[in-house]
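Q: here you go, sequence then predicted model.
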Amino acid sequence: MSKQAAQVPLARKAAALKAKAKQQHPQPTPQQIKALNRKAQVAADAFAEELEQHEQVKQVPRLLSKAQVLQRIPFTYPTLWAWMRKGIFPRARQVGGKTCWLESEINAWIAAQPLRRFKGDTEAGDVAQT
């Protein structure tokens, strides 16, 4: 028996399996697809709303260690310590004997820093038109 002749029964068997699978799982109609998409959208909206409510309830302040703060701020700890005493930098908290900062306060401090002025900037901080 040749190689092609040996493959014919396998091809017939594969075709029969495909036909059987198609009968068990027919292609949905466009109307069915639209209905499924509407159900999926409703479920996704409900999930997003529930997640948003959960996030609002779950607003727990995050604490940063000294090492984490120093990774975000390009200054030494003695500089930050002096700034804390002067009121320039957010004061640390003592939690379980460790020094910690509220992440929200550090982020607010970073965001409040003035923008760097460059040559060509106007007084308002806008870039000069060339």
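A: Happy to help now that I have it.
Q: what about Val69, neighbour count?
A: Neighbour count of Val69, defined by other CB atoms under 10 Å: 21. (Glycine included, C-beta is placed from N, CA and C.)
Q: who does the longest strand along the chain pair up with?
A: Secondary structure of the chain read by DSSP state E shows that its longest strand is strand 98-102. Strand pairing for strand 98-102, determined by DSSP bridges: strand 63-65 (antiparallel), strand 93-95 (antiparallel).
Q: helices or strands up against the next helix or strand after that strand?
A: Using DSSP states H and E, the next helix or strand after strand 98-102 towards the C-terminus is helix 103-112. The contact analysis (3 or more CB pairs under 8 Å, 6 or more residues apart in numbering; DSSP states H and E) places helix 103-112 against strand 63-65, helix 66-72.
Q: distance between helix 103-112 and the chain's centre?
A: Here helix 103-112 is found 20 Å from its chain centre; the criterion is CA atoms, centre = their mean, to the nearest Å.
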